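**Student:** Prediction below, plus the sequence it came from.
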Amino acid sequence: MKQPKKIPYGLTNYHSIRTENYAYVDKTRFIELIENEPTKYLFLIRPRKFGKSLFLSTLRHYYDICYADKFDVLFGDLYIGKNPTPNRNAFFIIKFSFSGLDTSSAECFKISFMEAIKSSIAFFLVEHMSVIENYKELDEQLENRNSVRGCIEFAFKIINSFKRKAYIIIDEYDHFANDLIAQGTNLSVEQYKQLIWANGVVRDFYETLKDNAETVIEKIFITGITPIMLDDVTSGFNISSNLSIDRQYNEILGFTEAEVENRLYNSSMVNYYFLQILKNGERIEYMIDDNLRTDYGRIKMLLDKPESVEYLENIIEHEKVSEQIVPRFSIDKIHEQRNFLSLLYYLGLVTIDRDDNTGEALLRIPNYMIKTIYWEYMENLIMERSPKMTYRSNVIYGSLSAMAFAGDYRPFYEHFHQNFVARISNRDLRRFSEHNVKFLLLSIFFQTNYYLPLSEVENQGGYADLYLQRRSELYPKMLNDWVVELKYIKQADAGDEQIVAAKRAEATEQLQRYRASAFFKDRTDVRYLALVFTGKKSYWIEELE
């Protein structure tokens, strides 16, 4: 009996996936495209968890001479196995990875950068021990090299002795730069300039590659998550190609909708989705992978800048924005609108919904996972601005429990008003708005796990502000879903009875339309709430009968 394929969640080793019965979507046709690129220097920028490391492992197993005897096993049934290129298994692969470097000071960075170079070359020697018989002796000689150029040219001399060329792979070329930028301080930006612009080791590394391009190197394939460093580290390269926004490479990583028959986002999330189906035996409409949440939470720090708050609030409120994607930009211009939105695109925090043929792209929030990050961001921002707000988890859980299992919604909204809305600082009250209230609510519902909170759910009656879908898979005794239509009246208009009455009537009328729509019609498990806040002093809530 044929064994079902395993899901390669978290795996990046091509050899393991292909020899241990894991599912694999064939991306090898892109090897042929890359080989036919006329330039030696190739860049591919993609978000984390998109499959960059697996693709680099695929390149390594295809081009490295030490895997020549396993070609049929690893590639025989794939596109590239049936259409092999002239350069298959023709090179010595050297892979450099720049994650985990010490950026605490210029000197520490220089030391850790050198250690990364030596470690990569030492691994190259061990990996090719079947070809380089005196690898132990060479490894000892490597230790005596005390410069970046000296280490790299030592490896190139070995490769030259075999009358071969090197294929250079650079993974996470920008990792240390993103670590610095994520600290969100002027000091970190100055550190970046010192380490990348003034410090010699990074430039020495890339200049050494350039100097040996014509004699030893066949190709250099570089990956990362942002284009911020491209100009800084490649200024010495005469010719380079950025594949990141080249249409023919759109599908080089991740999955297409046709491949997975599900509109998800990146490779890790798709594999996690399949794992959950196999585990629970049913499809999941809205999914949260805590491993990705931690990873994206780190990236979120890159965005937490005062200059960018307005852009983020616009994206969060409308979920879409039009802007031109730029291929590269420097750290000094990261917070200009076009660059900042391009950065969100490269980080995977927005994605292209469609191209409007004007040079701009309509960008949208890609999935539920990223929405939750934005909700948390807005909650943190509002809480920072109004430190008197208090998050009392025991009271929140208790009041939401009453709402979830007894249908009593008033304790939760009373607590929310008293401990959040009523404690808005007077300074921030002037710019407080409906979407601020909405994102506070969304983040609370998200963190408590009773409901899957959805914003602006489309139905034939319009767009519901909040739709709280109960987590019946976790809490089977929960009673209802909730639709909440939210309104906010500025404190200055609190005394205008006509405005107040109009807002209440508007909320009620919208709920009636939603209930009559095909999306909610005939459902007896949904309840409808009209919720109107007036400044920070009062609120009105009423259930639609």
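**Tutor:** Structure's in. What do you need? Numbering: from 1, shown residues only.
**Student:** Next up, the contacts around E497.
**Tutor:** If you count contacts by CB atoms under 8 Å, 6 or more residues apart in numbering, E497 has none. Using the backbone N, CA and C atoms, a C-beta is placed for each residue, glycine as well.
**Student:** Look up phi and psi at it.
**Tutor:** Taking degrees, to the nearest 10, you get phi -60, psi -30 for the backbone angles of E497.
**Student:** Just the mean pLDDT for stretch 391-410, thanks.
**Tutor:** Average pLDDT, stretch 391-410: 90.
**Student:** start the count at 184, not 1, going forward
**Tutor:** Yep, numbering from 184; the last one is stretch 574-593 now.
**Student:** Can I get that stretch as PDB, trimmed to CA atoms?
**Tutor:** Provided in PDB are the C-alpha atoms of stretch 574-593 (Å, rounded to 0.1, in the frame of the first residue of the first chain):
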ATOM      1  CA  TYR A 574      -6.100  45.300  30.900                       C
ATOM      2  CA  ARG A 575      -7.400  43.100  33.600                       C
ATOM      3  CA  SER A 576      -7.400  39.700  32.000                       C
ATOM      4  CA  ASN A 577      -9.300  37.900  34.800                       C
ATOM      5  CA  VAL A 578     -12.200  40.400  34.500                       C
ATOM      6  CA  ILE A 579     -12.200  40.300  30.700                       C
ATOM      7  CA  TYR A 580     -12.200  36.500  30.600                       C
ATOM      8  CA  GLY A 581     -15.000  36.400  33.100                       C
ATOM      9  CA  SER A 582     -17.200  38.900  31.300                       C
ATOM     10  CA  LEU A 583     -16.500  37.200  27.900                       C
ATOM     11  CA  SER A 584     -17.300  33.800  29.500                       C
ATOM     12  CA  ALA A 585     -20.700  35.200  30.500                       C
ATOM     13  CA  MET A 586     -21.200  36.500  26.900                       C
ATOM     14  CA  ALA A 587     -20.100  33.200  25.300                       C
ATOM     15  CA  PHE A 588     -21.900  30.700  27.500                       C
ATOM     16  CA  ALA A 589     -24.800  32.700  29.000                       C
ATOM     17  CA  GLY A 590     -25.500  35.200  26.300                       C
ATOM     18  CA  ASP A 591     -25.000  38.100  28.700                       C
ATOM     19  CA  TYR A 592     -23.100  40.800  26.700                       C
ATOM     20  CA  ARG A 593     -23.400  43.700  29.100                       C
END
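**Student:** tell me how far it is from the chain's mean position?
**Tutor:** Relative to its chain's centre, stretch 574-593 lies at 32 Å (CA atoms, centre = their mean, to the nearest Å).
**Student:** tell me which residues in it are buried?
**Tutor:** By 16 or more other CB atoms under 10 Å, the buried positions in stretch 574-593 come out as 579-580, 582-584, 586-587, 592.
**Student:** which residues sit against it?
**Tutor:** Taking CB under 8 Å, 6+ apart as the rule, stretch 574-593 contacts 566, 594-595, 597-598, 602, 627-628, 631, 633-634, 653, 658, 660-663, 665, 710, 712, 724, 726.
**Student:** And the residues you listed, which of them are buried?
**Tutor:** 566, 594-595, 598, 602, 627-628, 631, 633-634, 653, 661, 663, 665, 710, 712, 724.
**Student:** Please, where are all the helices along the stretch 534-683 of the chain?
**Tutor:** 551-568, 576-589, 593-602, 609-612, 617-631, 680-699 (DSSP state H, counting those that start in this stretch).
**Student:** for the stretch 334-483 of the chain, same thing?
**Tutor:** With DSSP H, counting those that start in this stretch as the criterion, the stretch 334-483 of the chain has helices at 358-365, 369-375, 383-394, 413-416, 440-443, 450-463, 473-483.
**Student:** worst average pLDDT in those?
**Tutor:** helix 473-483 (a mean of 50).
**Student:** Who are the packing partners of the next helix or strand after that helix?
**Tutor:** Following helix 473-483 in sequence order, the next helix or strand is helix 492-501 (DSSP states H and E). Helix 492-501 is packed against strand 503-506, helix 520-530, helix 551-568, helix 617-631, with contacts defined by 3 or more CB pairs under 8 Å, 6 or more residues apart in numbering; DSSP states H and E.
**Student:** Adding distance to L242, write the helices of the stretch 534-683 of the chain out as TSV.
**Tutor:** Listed next are the helices of the stretch 534-683 of the chain as TSV, based on distance: least, CB to CB, whole Å:
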stretch	distance to L242
helix 551-568	28
helix 576-589	48
helix 593-602	52
helix 609-612	51
helix 617-631	39
helix 680-699	51
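**Student:** I'd like to know which of those helices lies nearest to S427.
**Tutor:** Taking CB to CB, helix 551-568 is the member of those nearest to S427, at 19.2 Å.
**Student:** now the angle between helix 617-631 and that closest one, please.
**Tutor:** 110 degrees (axes from the mean of the first three to the mean of the last three CA atoms, to 10 degrees).
**Student:** can you give me the angle helix 551-568 makes with helix 492-501?
**Tutor:** Going by the same axes, to 10 degrees, helix 551-568 makes 130 degrees with helix 492-501.
**Student:** so where's the stretch 434-583 of the chain shaky on pLDDT?
**Tutor:** 438-490, 500, 537-542, 568-570 (pLDDT under 70).
**Student:** Tabulate the helices and strands packed on helix 492-501 in CSV, adding columns for distance to G407.
**Tutor:** Putting the helices and strands packed on helix 492-501 into CSV (distance: least, CB to CB, whole Å) gives the following:
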stretch, distance to G407
strand 503-506, 21
helix 520-530, 9
helix 551-568, 20
helix 617-631, 30
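**Student:** And these: which comes nearest I428?
**Tutor:** Comparing the helices and strands packed on helix 492-501 under CB to CB, the one sitting nearest is helix 520-530, at 9.0 Å.
**Student:** Quick check: which helices or strands does that closest one pack against?
**Tutor:** Right, helix 520-530 is packed against helix 492-501, strand 503-506, strand 544-547 by 3+ CB pairs under 8 Å, 6+ apart.
**Student:** And the furthest pair within the buried residues of stretch 574-593?
**Tutor:** Among the buried residues of stretch 574-593, Y580 and Y592 lie farthest apart (CB to CB), at 14.7 Å.
**Student:** hmm, who's touching stretch 193-203?
**Tutor:** With CB under 8 Å, 6+ apart, stretch 193-203 has contacts from 189, 191, 205, 207, 236-237, 240-241, 243-244, 250, 253, 256-257, 451, 454, 474.
**Student:** List buried residues within the residues you listed.
**Tutor:** Buried, going by 16+ other CB under 10 Å: 191, 205, 236-237, 240-241, 243-244, 250, 257, 451, 454, out of the contacts of stretch 193-203.
**Student:** tell me which of the residues you listed is nearest to V399?
**Tutor:** Once CB to CB is applied, the member of the buried ones among the contacts of stretch 193-203 that ends up nearest V399 is R243, at 17.6 Å.
**Student:** before we move on, the earlier item: pick the most deeply packed of the helices and strands packed on helix 520-530.
**Tutor:** Mean neighbours per residue, mean count of other CB atoms under 10 Å, is largest over these for strand 544-547, with a mean of 19.
**Student:** so what's I353 bridging to?
**Tutor:** With DSSP bridges as the criterion, I353 is bridged to F279, I405.
**Student:** residues touching it, list them.
**Tutor:** Neighbours of I353 in contact, by CB under 8 Å, 6+ apart: 278-281, 403-406.
**Student:** Turn the residues you listed into CSV, including pLDDT.
**Tutor:** Converted to CSV, the contacts of I353 look like this (pLDDT from 0 to 100):
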residue, pLDDT
K278, 96
F279, 95
S280, 92
F281, 90
I403, 94
F404, 95
I405, 93
T406, 92
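**Student:** Torsion angles phi and psi at the most centrally placed residue in the chain?
**Tutor:** Centroid-nearest residue in the chain, with CA atoms, centre = their mean: G531, separated by 4.1 Å. The phi/psi pair for G531 (degrees, to the nearest 10) reads phi 80, psi 10.
**Student:** was I right about it contacting I548?
**Tutor:** No. Counting by CB atoms under 8 Å, I548 is not a contact partner of G531; they are 10.6 Å apart.
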